[in-house]
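Novice: based on what follows, work out the 3D shape:
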Amino acid sequence: MTEASPARNVFFVGVDVDSMGGSQRVLHTLAQGMGERGHRVELIGIRPSAEPFPYNATRAYRHATLYPPAAAPKPPVRTVGDRLSLARRSDARRARAARDHARAEMQRKLSAVDDGYIVFGSPWAVDWVMPLEWRHLKGIGQYHESFAQARRSANLGLIRRHYPALEQTLVLSEGDAVEFVNQRLPNVRVMPNPLPFYPDERAPLDTLRIGAVGRLDPIKRYDRMIEAFARARAGEGSGRGGAGREGWELHLFGDGPLENELRMKAEDLGVADQVVLRGTVKDMAAAYRELSVVAISSEREGRPMALAEAAACGVPCVSFDVSGGVRELVDDGVTGTLVPPADVAGLAAAFGELMDDAELRRRYGAAGREHVARLSLPEVLDRWDAVFAEIER
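Specialist: Next up is the predicted model:
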């Protein structure tokens, strides 16, 4: 801890902070890094995760979840009698009691310190905390997605309502910053997400595996990725058939509701044996080292951590061009390949190019690693300390 960076009380607050996801990983990474620098940090999840991921086995920060684990779901309400039943009324009372207990616990935590910061991981976290007494703390609002995502959801309304009352709004890209400023949001600045690791050695890129990291949710459109992989493996667009691509596999890291549907998709396309669903893994740096290409096929993304983490490991990236954050992480033709959104044929062609050219994979991987070096945790923490110091001036 340097003299210019005194120890501070810092609360990170999110709705669900423990699921396997990019924003959750960022919150745990920041909390760990700030804790190791000597700040007094607590990461608070409002609601528990249905599938908690074991971030940071040895933590330099406190961690809490305000609501208890969810009870088993009840049968749907079908009649007036159901709605007025004693059981339903009892459930409603328990829900109110859980909410009141969660708010009281949050208030207790915030009131236990005289000063410091409360960093909101999402607009919904701000909305939940706003009624409490926390004005003795300085508020910072993060937004981990793109402006385009905010505009298509209730997030933009919540940001416009609550974030002007905060000391600072932190977004992920210069393009997003311009858009939010145009919404008359004050005190907007760009704050990149930090890398949780930056390995000493690059991935060997010789495994003949394309990979993706993230929950198996509809927004990720892994069905398109599987189709593009099947086309590329069959040699589509190569002019030489599938020669040299038979050994390639597609590995998907993560759990989620679409697992069976994606298995069926792979079977329908004749690549069931080549599409491997790996589930949740604890050592993501090791997982990236297993891959020769990392891909994003999502409908929407902000600044996906998978692209930054893969690049840190020296793995080239292919992604649909869905946001300014993606474009900042993938320098098209230098560190990887960007493909027009939803262009499955283009994604297949990008896969095929990297499948066929080991030297191109190595060149993209080396350039990508250099490109994201500025996102190392110490550099991003320095930027956070600069934000704190500026607010305090």
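
Novice: only C-alpha atoms from now on, for both contacts and neighbour counts.
Specialist: Fine.

Novice: what helix or strand is Met34 located in?
Specialist: If you go by DSSP states H and E, Met34 is part of helix 22-36.

Novice: so where is this protein shaky, pLDDT-wise?
Specialist: Low-confidence regions of the chain, defined by pLDDT under 70, span residues 1-4, 71-88, 237-243.

Novice: now do the helix holding Met34: everything it contacts.
Specialist: Outside of helix 22-36, the residues within contact range by Cα atoms under 8 Å, 6 or more residues apart in numbering are 12, 16-18, 40-43, 55-56, 59-61, 121, 144, 193-196, 214, 304-306, 377-378, 381.

Novice: which helix is the longest one in the chain?
Specialist: helix 86-111 (DSSP state H).

Novice: what element comes up after that one heading to the C-terminus?
Specialist: Next along the chain after helix 86-111, taking DSSP H and E as the criterion, comes strand 117-120.

Novice: could you spell out the sheet neighbours of that following strand, each with its direction?
Specialist: strand 9-14 (parallel), strand 138-142 (parallel) (DSSP bridges).

Novice: how about the CA coordinates for it, as CSV?
Specialist: Extracted as CSV, the C-alpha positions of strand 117-120 are listed here (Å, rounded to 0.1, in the frame of the first residue of the first chain):
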residue,chain,number,x,y,z
TYR,A,117,-17.4,3.6,-1.0
ILE,A,118,-20.3,1.5,-2.2
VAL,A,119,-19.7,0.2,-5.7
PHE,A,120,-22.8,-1.1,-7.4
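
Novice: could you list the buried residues of that strand?
Specialist: Neighbour-count burial for strand 117-120 flags 117-120 (criterion: 16 or more other Cα atoms under 10 Å).

Novice: run through who's touching that strand.
Specialist: Strand 117-120 is touched from outside by 8-14, 126, 137-142, with contacts defined as Cα under 8 Å, 6+ apart.

Novice: what does stretch 158-177 give?
Specialist: Residues from elsewhere that reach stretch 158-177 (Cα under 8 Å, 6+ apart): 123-124, 126-127, 138-147, 183, 185-193, 302-303, 324-325, 328, 391.

Novice: quick one: the spatially most central residue of the chain from His162, how far?
Specialist: Taking Cα atoms, centre = their mean as the criterion, Gly22 is the residue nearest the geometric centre of the chain, at 1.7 Å. Between Gly22 and His162 the distance is 23 Å, computed by Cα to Cα, to the nearest Å.

Novice: and the helix or strand harbouring Ala230, how far out from the chain middle?
Specialist: In this assignment (DSSP H and E), Ala230 forms part of helix 222-233. Centroid displacement of helix 222-233 relative to its chain, using Cα atoms, centre = their mean, to the nearest Å, is 23 Å.

Novice: then it to PDB, C-alphas only?
Specialist: Below are the C-alpha coordinates for helix 222-233, written out as PDB (Å, rounded to 0.1, in the frame of the first residue of the first chain):
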ATOM      1  CA  TYR A 222     -24.200 -21.700 -29.000                       C
ATOM      2  CA  ASP A 223     -26.500 -23.300 -31.500                       C
ATOM      3  CA  ARG A 224     -25.000 -20.900 -34.100                       C
ATOM      4  CA  MET A 225     -21.500 -21.800 -32.900                       C
ATOM      5  CA  ILE A 226     -22.100 -25.500 -33.200                       C
ATOM      6  CA  GLU A 227     -23.500 -25.000 -36.700                       C
ATOM      7  CA  ALA A 228     -20.500 -22.900 -37.700                       C
ATOM      8  CA  PHE A 229     -18.100 -25.500 -36.300                       C
ATOM      9  CA  ALA A 230     -19.900 -28.300 -38.200                       C
ATOM     10  CA  ARG A 231     -19.600 -26.300 -41.400                       C
ATOM     11  CA  ALA A 232     -15.900 -25.500 -40.900                       C
ATOM     12  CA  ARG A 233     -15.100 -29.100 -39.900                       C
END
